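Undergrad: show me how the following folds:
(one chain, ligands or ions: 2)
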Amino acid sequence: MSWPFDNSYARLPDRLFTPQAPTPVRNPQIIAVNAGLARELGLDPAALSPDILAGNTLPDGAAPLAQLYAGHQFGNWVPQLGDGRAVLLGEVIGQNGRRDIQLKGAGRTPYSRNGDGRAWLGPILREYVVSEAMHALGVPTTRALAAVTTGEKVQREQAFPGAILTRVAASHIRVGTFQALAARGDTEALEALTAHVIARHYPDVDTPLELLRAIVSAQAGLIAKWMSIGFIHGVMNTDNMAVSGETIDYGPCAFMDAYHPATLFSSIDQFGRYAYQQQPDIAVWNLAQLATSLLPLMGEREAAVEAATEAVNGFSQLYQADWMRLFRAKLGLKTQEEGDLALITGLLQRMATSQADFTNTFRALADGAAAAHITDEGAWDSWAPDWQARLAREPGDPQATMRNTNPAFIPRNHRIEQAIQAGLTGDFALFHRLNTVLAHPFENQPDQGDLALPPENHERVLQTFCGT
Ligand code: AMP
Ligand code: MG
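TA: Numbers count the residues shown, from 1 in each chain. Ligands and ions are numbered 1, 2, ... in the order given. Purely as a prediction, here's the structure:
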């Protein structure tokens, strides 16, 4: 079978990657194929065979490789990471432009370090459901084209079924890709990578400084969106921040149920570095690492540092503007008034003290049913009249604004966990049901109401584990 490949990354300087074929697996079986996405990419979904999706057979024109990158993991510098369990098959040009097609869990590579190059079923199902849900929620993200089981076991705390995700991305180039080259003093490759990223993602910019500004802006918009839907990435290391502005790497990620700004799920995040409210600050920290990596391309050192610092500091204003626009819309507001920020933070504070469900409280606003969520004594009555007075001054259809901004359905952590547990017994019904419902997160779908409920106490998932 032939795909519309054009493998531009493979034409970059060879220090950026290592040619690497996937390692075949014993008995691949399809869990899911995303037919709509396949068609967008110009691929025939019926031709996506288990052998192709597992890397046992390469489509014609593939130039499989593992990408080099480095990164700061929880603030600590790691000079060499790279695709340790993923192989880039190549890039196809589809309806929406150039897309990377990557097999995640495809076997060992020169960057595997002590890892086995494989993934088990749980993280593959989690990434499939959450990344597709993010897309339906309007958040820039990598996509899931397919998931297969491998017929092989993967040893973690115990032996689990192995699985492979076919991941689609605008690119897999990360802040850590730039860091790897800067740390090696490889200015020639850094220049080539920068030109590549400009041509591929930001064709309107001309210089490395403008590129930095563009990436800062894309990240500000992205993180504001995360915050507006209660998404916690969980492992915002610089190797997990894509310069395209897409959400990437769904390891220990989760959506908040009850609202609290310090919410955190990741089992490996001891100090809450990547808690919900930390995300904008961490994005700035990561962007500062990108800025540092670009300095060698920005001319005279002192002036370059000043310009780069200003570019990174620009995040705050861009983020605030996006955050305000999104949270205004969550309250049904498209126009701007001075008291809007106080109105938004007033509701959030009340949600925190009432331990109100983030998603369902906002969703209930449009139905006049939010009082039931703000249960703290007097809390609703001390907020609602101001909001209602503000709504009365709002032209248009605030109810529609709210319903199109506040989802009824998010991929709730306990449901993902249940889908994984069922998947381990070979039952993928809940996994498929989640994908179907989450494809339309802003529709009411009354017969799917159980998927809108927060977890019962015994269903609560307190920790999520990295995708390894
Ligand atoms: P992640 O936590 O998924 O962002 O991964 C961090 C780094 O560890 C990346 O370089 C991965 O490629 C690598 N890695 C994670 N799991 C494995 C594995 N099972 N085998 C080899 N490398 C891995
Ligand atoms: Mg990663």
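Undergrad: now do Val243 against Ala195, distance only.
TA: Separation of Val243 from Ala195 (CB to CB, to the nearest Å): 13 Å. Quick note: C-beta positions are derived from backbone N, CA and C, even for glycine.
Undergrad: same check on Gly245?
TA: 18 Å.
Undergrad: for this structure, what's the longest helix?
TA: Longest helix of the chain, by residue count under DSSP state H: helix 208-229.
Undergrad: could you give the average pLDDT over that one?
TA: Averaged across helix 208-229, the pLDDT comes to 98.
Undergrad: may I see the buried residues of stretch 267-278?
TA: 268-269, 273-276, 278 (16 or more other CB atoms under 10 Å).
Undergrad: mind exporting it as PDB, just the C-alpha atoms?
TA: Output of stretch 267-278 as PDB, limited to C-alpha atoms (Å, rounded to 0.1, in the frame of the first residue of the first chain):
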ATOM      1  CA  SER A 267       2.200   9.800  41.000                       C
ATOM      2  CA  ILE A 268       5.700  11.000  40.100                       C
ATOM      3  CA  ASP A 269       5.100  14.700  40.800                       C
ATOM      4  CA  GLN A 270       6.200  14.900  44.400                       C
ATOM      5  CA  PHE A 271       6.200  18.700  44.800                       C
ATOM      6  CA  GLY A 272       3.200  19.600  42.700                       C
ATOM      7  CA  ARG A 273       5.400  21.200  40.000                       C
ATOM      8  CA  TYR A 274       2.800  20.400  37.300                       C
ATOM      9  CA  ALA A 275      -0.400  21.000  39.300                       C
ATOM     10  CA  TYR A 276      -3.300  22.700  37.600                       C
ATOM     11  CA  GLN A 277      -2.500  26.300  38.600                       C
ATOM     12  CA  GLN A 278       1.200  25.900  37.900                       C
END
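Undergrad: tell me the SS of Val25?
TA: coil (DSSP: H, G, I helix; E, B strand; the rest coil).
Undergrad: now it. Nearest residue, chain neighbours left out?
TA: Thr150 (3.8 Å; CB to CB, 6 or more residues apart in numbering).
Undergrad: any figure for the gap between Pro13 and Leu190?
TA: 10 Å.
Undergrad: next, the residue in the stretch 251-400 of the chain that ligand 1 sits nearest to: secondary structure please.
TA: The nearest approach of the stretch 251-400 of the chain to ligand 1 comes at Gly251, 5.2 Å away (CB to the nearest ligand atom). Three-state call for Gly251 (three-state DSSP): coil.
Undergrad: quick one: the residue nearest to Ala86 when sequence neighbours are not counted and Ala169, what's the gap?
TA: Residue nearest to Ala86 in three dimensions, not counting chain neighbours: Lys104, with 4.5 Å by CB to CB, 6+ apart. From Lys104 over to Ala169 the distance is 11 Å, taken as CB to CB.
Undergrad: that older thread, for the residue nearest to Val25, grab the count of nearby residues.
TA: Look at Thr150: counted by other CB atoms under 10 Å, it has 28 neighbours.
Undergrad: my guess is it contacts Ala54. True?
TA: Yes - under the criterion of CB atoms under 8 Å, Thr150 makes contact with Ala54 at 6.2 Å.
Undergrad: if I look at those two, which residues touch both of them?
TA: 25, 28, 164 (CB atoms under 8 Å, 6 or more residues apart in numbering).
Undergrad: most surrounded residue in those?
TA: Ile164 (29 neighbours).
Undergrad: ok, that residue touching Gln102?
TA: No - using CB under 8 Å as the test, Ile164 is too far from Gln102 to be in contact (10.1 Å).
Undergrad: still on that earlier bit, for the longest helix of the chain, the distance to its chain's centre please.
TA: Centroid separation for helix 208-229 versus its chain: 13 Å, with CA atoms, centre = their mean, to the nearest Å.
Undergrad: picking up where we left off before, could you dump the buried residues of stretch 267-278 to JSON lines with secondary structure?
TA: As requested, the buried residues of stretch 267-278 are arranged in JSON lines below (three-state DSSP):
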{"residue": "Ile268", "secondary structure": "coil"}
{"residue": "Asp269", "secondary structure": "coil"}
{"residue": "Arg273", "secondary structure": "coil"}
{"residue": "Tyr274", "secondary structure": "coil"}
{"residue": "Ala275", "secondary structure": "coil"}
{"residue": "Tyr276", "secondary structure": "helix"}
{"residue": "Gln278", "secondary structure": "helix"}
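Undergrad: now pLDDT and distance to Phe231 too, for those, in JSON lines please.
TA: Formatted as JSON lines, the buried residues of stretch 267-278 follow (pLDDT from 0 to 100; distance: CB to CB, whole Å):
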{"residue": "Ile268", "pLDDT": "84", "distance to Phe231": "18"}
{"residue": "Asp269", "pLDDT": "87", "distance to Phe231": "15"}
{"residue": "Arg273", "pLDDT": "94", "distance to Phe231": "16"}
{"residue": "Tyr274", "pLDDT": "95", "distance to Phe231": "12"}
{"residue": "Ala275", "pLDDT": "96", "distance to Phe231": "12"}
{"residue": "Tyr276", "pLDDT": "97", "distance to Phe231": "8"}
{"residue": "Gln278", "pLDDT": "97", "distance to Phe231": "13"}
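Undergrad: dump the residues you listed to JSON lines, plus distance to ligand 1.
TA: Shown next, in JSON lines, are those (distance: CB to the nearest ligand atom, whole Å):
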{"residue": "Ile268", "distance to ligand 1": "9"}
{"residue": "Asp269", "distance to ligand 1": "12"}
{"residue": "Arg273", "distance to ligand 1": "14"}
{"residue": "Tyr274", "distance to ligand 1": "12"}
{"residue": "Ala275", "distance to ligand 1": "18"}
{"residue": "Tyr276", "distance to ligand 1": "19"}
{"residue": "Gln278", "distance to ligand 1": "18"}
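Undergrad: show me what contacts the residue nearest to Ala86?
TA: Applying CB under 8 Å, 6+ apart, the residues contacting Lys104 are 85-86, 119, 124, 127, 164-167.
Undergrad: which residue packs closest to Ile215, ignoring adjacent ones?
TA: Per CB to CB, 6+ apart, closest to Ile215 is Val243, 5.3 Å.
Undergrad: surely the one you found touches Gly176?
TA: No - the criterion here is CB under 8 Å, and Val243 misses it with Gly176 at 9.9 Å.
Undergrad: for ligand 2, state which of the shared contacts of Thr150 and Ala54 is nearest.
TA: Ile164 (15.9 Å; CB to the ion).
Undergrad: now do whichever strand or helix holds the closest one, average pLDDT.
TA: For Ile164, the element it lies in under DSSP states H and E is strand 159-169. The average pLDDT for strand 159-169 rounds to 98.
Undergrad: dump the residue contacts of the residue in the stretch 301-450 of the chain positioned nearest to ligand 2.
TA: Closest contact between the stretch 301-450 of the chain and ligand 2, by CB to the ion, is at Ile416 (18.8 Å). Applying CB under 8 Å, 6+ apart to Ile416 gives the contacts 125-126, 129-130, 434.
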